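*Asks:* mind looking at a prediction? Sequence and model below.
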There are 2 protein chains.
Amino acid sequence: MNTSQFSTKQRILGAAETLFALHGFEKASLRQVTAAAHVNLAAVNYHFGTKENLIEEVFRRRLDRLNARRQDALRKVEHSPDYTLDHVLEAFIRPAIDLSLDQSGGGAFMRMLARAYAEHDQPLRKFLSDNYGHVLREFAVVFHRLLPHLSKEELYWRLDIVAGALTYAMADFGLIKRRPGTTERDHHKLAAEHLIRFASAGLSAP
Amino acid sequence: MNTSQFSTKQRILGAAETLFALHGFEKASLRQVTAAAHVNLAAVNYHFGTKENLIEEVFRRRLDRLNARRQDALRKVEHSPDYTLDHVLEAFIRPAIDLSLDQSGGGAFMRMLARAYAEHDQPLRKFLSDNYGHVLREFAVVFHRLLPHLSKEELYWRLDIVAGALTYAMADFGLIKRRPGTTERDHHKLAAEHLIRFASAGLSAP
DNA sequence: ACTGTAATCAAACGTTTGTTTGAATCATAG
DNA sequence: CTATGATTCAAACAAACGTTTGATTACAGT
């Protein structure tokens, strides 16, 4: 078969992302994934070796984009005159929203990312920390410039809270139901606005 | 055997709570649970019917306590003169911290609770909403009294963010490592203080 | 002591899981 | 066209899962 324009490998990655986000890493079986991707079951082990490798590849594919966009946004803010806390927060939060609104399964990825935090899987968290850590540190430097009265420790605590709230919001963990008639796109944009306003005030707390 | 002072049922609940928190609902098998509880494998199905029922029972056992304590704390605040936003936040956050510092596996439970949100399991979320919802609504009323300039929708958005950040913090999702020499108890207390200060400012945002 | 219900136990049930195998098919370079 | 390496495929693998069974033990009320 292979009627699709995408390669077997790409089709597996796409289907895996969707199903992992929908049902979790454990519940989503390789049989479900390969069925959704219209490829043979053995193709996963042929192209990725193990399920664990497949999970990491799914992460890598999107995380690289997310990190790059965040860094670009941060640099743009830094090079603009008189930037504010809201601008930096926007540079941190907006790319996550944009990615979650990506045409093909970005929302699924953000839910998967949030799930990865919850899973408390140590190897996976190390992998995420390696790919996330330095970007977060770059942001911390800029935040510190805008909030010089905060100690380094205090700042890190607050940024951690922001990251938590963002993760939670992006993953649709919240109890707030999307109003009927509102698209997921609008819902996430609204969430971003509320989040930025809240986080800005929270970070500025005395 | 049954050398323990606890009944088979209680031993299963305790072991399940620990292992679910440690490895997740899927990964933690009934064989692991019953081995840790030193009971026969079939005891789970005998006492609880299914694994799903066991999960719900584990939740119920602690959630009832958490809800009761939150409501007590809220009523105490309401009956005191000149209570502030921080007091109400404290009534919401502190019981969660206390429970997570409970002698026997409270921390495990909070991690499990956070995981439940991540799992996106609809029946489980309905169960949580049924047990959590009305308490959250009670708090919302009091918050609204202190923040009358906020629309109901705006308030709910912000409370949702607070709940998210709290869940995240209590579950040790954060990237902030506990400093060596600090106990888990101190770490959580510190987290609570930072959380209350942050949330207070965030809720008060213009 | 006997009876009946509750609880425990070892063993097995039927599924589902991730992974492996070996043959079949495809694509491409000589 | 043919030979070669990459890919796909149906089938089977062993292991682990939640659940059920039927016999056995523990203990209560009469």
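*Replies:* Perfect, thanks for sending it.
*Asks:* would you mind listing what in chain A touches DNA strand C?
*Replies:* Contact residues (CB under 7 Å from any atom of the strand) of chain A with DNA strand C: A:28-32, A:41-42, A:44-45, A:49-52. (Each C-beta comes from the backbone N, C-alpha and C, glycine too.)
*Asks:* and the helix or strand encompassing residue A:125, what does it pack onto?
*Replies:* Of the helices and strands defined by DSSP states H and E, residue A:125 is found in helix A:122-146. Secondary-structure packing of helix A:122-146 (3 or more CB pairs under 8 Å, 6 or more residues apart in numbering or on different chains; DSSP states H and E): helix A:51-78, helix A:85-100, helix A:106-119, helix A:152-170.
*Asks:* the ones you listed into a markdown table, with extra columns for mean pLDDT?
*Replies:* Listed next are these as a markdown table, based on pLDDT from 0 to 100:
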| stretch | mean pLDDT |
| --- | --- |
| helix A:51-78 | 92 |
| helix A:85-100 | 89 |
| helix A:106-119 | 70 |
| helix A:152-170 | 84 |
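*Asks:* can you redo those helices as JSON lines with distance to chain B and mean neighbour count?
*Replies:* Converted to JSON lines, the helices and strands packed on helix A:122-146 look like this (distance: least, CB to the nearest CB, whole Å; neighbours: other CB atoms under 10 Å in any protein chain shown):
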{"stretch": "helix A:51-78", "distance to chain B": "13", "mean neighbour count": "17"}
{"stretch": "helix A:85-100", "distance to chain B": "11", "mean neighbour count": "21"}
{"stretch": "helix A:106-119", "distance to chain B": "3", "mean neighbour count": "23"}
{"stretch": "helix A:152-170", "distance to chain B": "3", "mean neighbour count": "23"}
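*Asks:* okay, which residue is most central for chain A?
*Replies:* The residue lying closest to the centre of chain A (CA atoms, centre = their mean) is residue A:110, at 4.3 Å.
*Asks:* one step back: among the helices and strands packed on helix A:122-146, which is nearest residue B:10?
*Replies:* Nearest to residue B:10 among these is helix A:106-119 (26.7 Å), distances taken as CB to CB.
*Asks:* what sits against the closest residue in space to residue A:9 that isn't next to it in sequence?
*Replies:* Excluding its sequence neighbours, the residue lying closest to residue A:9 (CB to CB, 6 or more residues apart in numbering or on different chains) is residue A:47, at 5.0 Å. Residue A:47 makes contact with A:8, A:9, A:12 under the criterion CB atoms under 8 Å, 6 or more residues apart in numbering or on different chains.
*Asks:* make JSON lines out of the residues you listed and add pLDDT, neighbour count and secondary structure.
*Replies:* Formatted as JSON lines, those follow (pLDDT from 0 to 100; neighbours: other CB atoms under 10 Å in any protein chain shown; DSSP: H, G, I helix; E, B strand; the rest coil):
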{"residue": "A:8", "pLDDT": "92", "neighbour count": "18", "secondary structure": "helix"}
{"residue": "A:9", "pLDDT": "94", "neighbour count": "16", "secondary structure": "helix"}
{"residue": "A:12", "pLDDT": "96", "neighbour count": "26", "secondary structure": "helix"}
